[in-house]
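Visitor: any chance you can model this:
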Amino acid sequence: MIQANNVTVQFGGRTLFERVNVTFSAGNCYGIIGANGAGKSTFLNVLSGELEPQKGEVFITPGERLSVLKQDHFAYDEYEVIRTVLMGNPRLIEVMEEKDALYMKEDFSEEDGIKAGELEAEFADMDGWNAESDAAFMLNKLGVSDEYHYMQMKELPSDLKVKVLLAQALFGNPDILLLDEPTNHLDLSAIRWLENFLLDFENTIIVVSHDRHFLNKVCTHICDVDFGKIQLYTGNYDFWFEYTQMRQRQARDQNKKNEQKIKELQEFIQRFSANFAKSKQATSRKKQLDALEMIDMPVSSRRFPYVDFKPDRECGNDLLRVDHLTKSIGDRKVLDDISFVIHPREKVAFVGSDVVTKTTLFKILMGELEPDDGSLKWGITTTQNYFPSDNSAYFDGVDLTLVDWLRQYTSYTLEADIRGWLGRMLFSGDEALKNASVLSGGERVRCMLCKMMLSGANVLILDEPTNHLDLESITALNNGLIRYPETILFTSHDHQFVQTVANRIIEISGSTILDRQGTYDDFLEDFDEEQLKRY
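Guide: You can find the predicted model right below:
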């Protein structure tokens, strides 16, 4: 069990949350949600002991081990991958090192033998003999194959480092598991495995995530960080959303009724307060008026951008033909003789475990890379706009305000018009004058989406557009793409996003294409359990 008792956290005079009292117990999974900047990750840091609150304390049941998903991707660069995972259980590592030191002693004594026996017993209790195989199993399920297991962490690409650190957090059956955005950089296969792992996990899980399907699948409770408070709800994300929407509707409806009643009472009192025959009734109405109260509706920190893509023209019958496309990156062939045809108004999700394959394909479609072999042809009525997974080239070192940054991508010349578009994406007032080079990840994504909305394109190509966005922005983007009447090609690790937007799924793996019309859930149902392990 882990408890927050009367916890208050402030930064620079601003209170993130105050007097928080929450108990997290074994057998439950708690999803922490809230707008960007509300204090979700800060609260996790308080629970883990990395941050001291201004007031209050965190209590953990004595003897329970807490495991945290580490955010420093360079902290273990000098260690082998398998060793890094084992370090998720510090006591196991200590026992292994103590055993090794004893057995290497030249003057091994009887006392050493007794100590070694105790360590062996503790090692067995922690299932130490299976530790490396358990770590390897986790790594493989998360998409880190055997070839990487005995490399040093510094030799791994960043997306694999994230998976190793997740395996480290999960390893060794911790009593309390704290996970901050565990699905980031995971493909759909790894997310499915993680969901099942957490569903079978019998201890306490506390997780921050922007993935709605993930929260619905694994959470038994939702902790909502808003209004300077942290409030606990029983149920998953959808239950929380429906419940809070219902409460807000009820409060608004009750306030409307109260407003009308107040108006009627005030009119009666004003009309008859000087009338002796009606004075008792007027006094009674005055008491009723004093008893009526409006329900307080505090301002939420949640803000929804307005995402709506309008094509300047419809596309014709010919949209895109890809014939025998082949491309190698370094020594690795990431596309091998790939062919497919995209038809007008299809919304196609490209899925699969290889991130490089999908990004390379999109860059070739946009003319940013040349294929080694094969060809592609866009219809003459098509106009494309691209959302890259890495947008750093658009912002790093760019010394422009957001108004001037967006001005580069539009025919609008009046600042008021440009500010209007930025306002849709939550950059109002002085926010529109921020320098483009200092934006956060989520702010950059909202700027890129604003740029896309201004393009008027009838083909949108989006590579992981939900990365860095909060739940409100993901929901707004999700709804905007559902409404979009023309063609979309996209990738996403967000199950609900893929399920609700796509009407066709294409998986590319080497030279193999699996191509199905229908939703993502339909696509998964087409395959037996053995094939599903890849997703």
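
Visitor: what about the closest residue to residue 268 other than its chain neighbours, which helix or strand?
Guide: Spatially, and ignoring its direct neighbours in sequence, residue 268 is nearest to residue 285 (5.0 Å; CB to CB, 6 or more residues apart in numbering). (Glycine included, C-beta is placed from N, CA and C.) Using DSSP states H and E, residue 285 falls within helix 279-291.

Visitor: so after that helix, what's the next helix or strand?
Guide: Using DSSP H and E, the helix or strand that follows helix 279-291 in sequence is strand 320-329.

Visitor: quick one: name whatever helix or strand follows that next one.
Guide: Following strand 320-329 in sequence order, the next helix or strand is strand 332-342 (DSSP H and E).

Visitor: quick check: buried residues in that following strand?
Guide: The neighbour-count check on strand 332-342 (16 or more other CB atoms under 10 Å) flags 334-336, 338, 340, 342 as buried.

Visitor: show the average pLDDT along that strand.
Guide: For strand 332-342, mean pLDDT rounds to 93.

Visitor: so what secondary structure elements neighbour it?
Guide: Packing contacts for strand 332-342, counted by 3 or more CB pairs under 8 Å, 6 or more residues apart in numbering; DSSP states H and E, involve strand 320-329, helix 355-365, strand 373-378, strand 504-509, strand 512-517.

Visitor: buried residues in stretch 367-378?
Guide: In terms of neighbour count (16+ other CB under 10 Å), stretch 367-378 has its buried residues at 371, 374, 376, 378.

Visitor: can I get those residues in a markdown table with pLDDT and distance to residue 124?
Guide: Below are those laid out as a markdown table (pLDDT from 0 to 100; distance: CB to CB, whole Å):
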| residue | pLDDT | distance to residue 124 |
| --- | --- | --- |
| 371 | 95 | 55 |
| 374 | 95 | 57 |
| 376 | 96 | 59 |
| 378 | 97 | 63 |
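
Visitor: I'd like those laid out as JSON lines, including distance to residue 23.
Guide: Output for the buried residues of stretch 367-378, formatted as JSON lines (distance: CB to CB, whole Å):
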{"residue": "371", "distance to residue 23": "57"}
{"residue": "374", "distance to residue 23": "59"}
{"residue": "376", "distance to residue 23": "57"}
{"residue": "378", "distance to residue 23": "57"}
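
Visitor: starting at the chain centroid, how far to the longest helix along the chain?
Guide: Counting residues, the longest helix found in the chain (DSSP state H) is helix 237-272. Put simply, helix 237-272 sits 35 Å off its chain's centre (CA atoms, centre = their mean, to the nearest Å).

Visitor: average pLDDT for it?
Guide: 81.

Visitor: now do stretch 504-516
Guide: In this model, stretch 504-516 has a mean pLDDT of 88.

Visitor: so which bits of that stretch are buried?
Guide: By neighbour count with 16+ other CB under 10 Å, stretch 504-516 contains the buried residues 504-508, 514, 516.

Visitor: could these be laid out in JSON lines, adding distance to residue 142?
Guide: Below are the buried residues of stretch 504-516 laid out as JSON lines (distance: CB to CB, whole Å):
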{"residue": "504", "distance to residue 142": "28"}
{"residue": "505", "distance to residue 142": "22"}
{"residue": "506", "distance to residue 142": "23"}
{"residue": "507", "distance to residue 142": "19"}
{"residue": "508", "distance to residue 142": "21"}
{"residue": "514", "distance to residue 142": "22"}
{"residue": "516", "distance to residue 142": "25"}
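
Visitor: right, I'll call it a day here.
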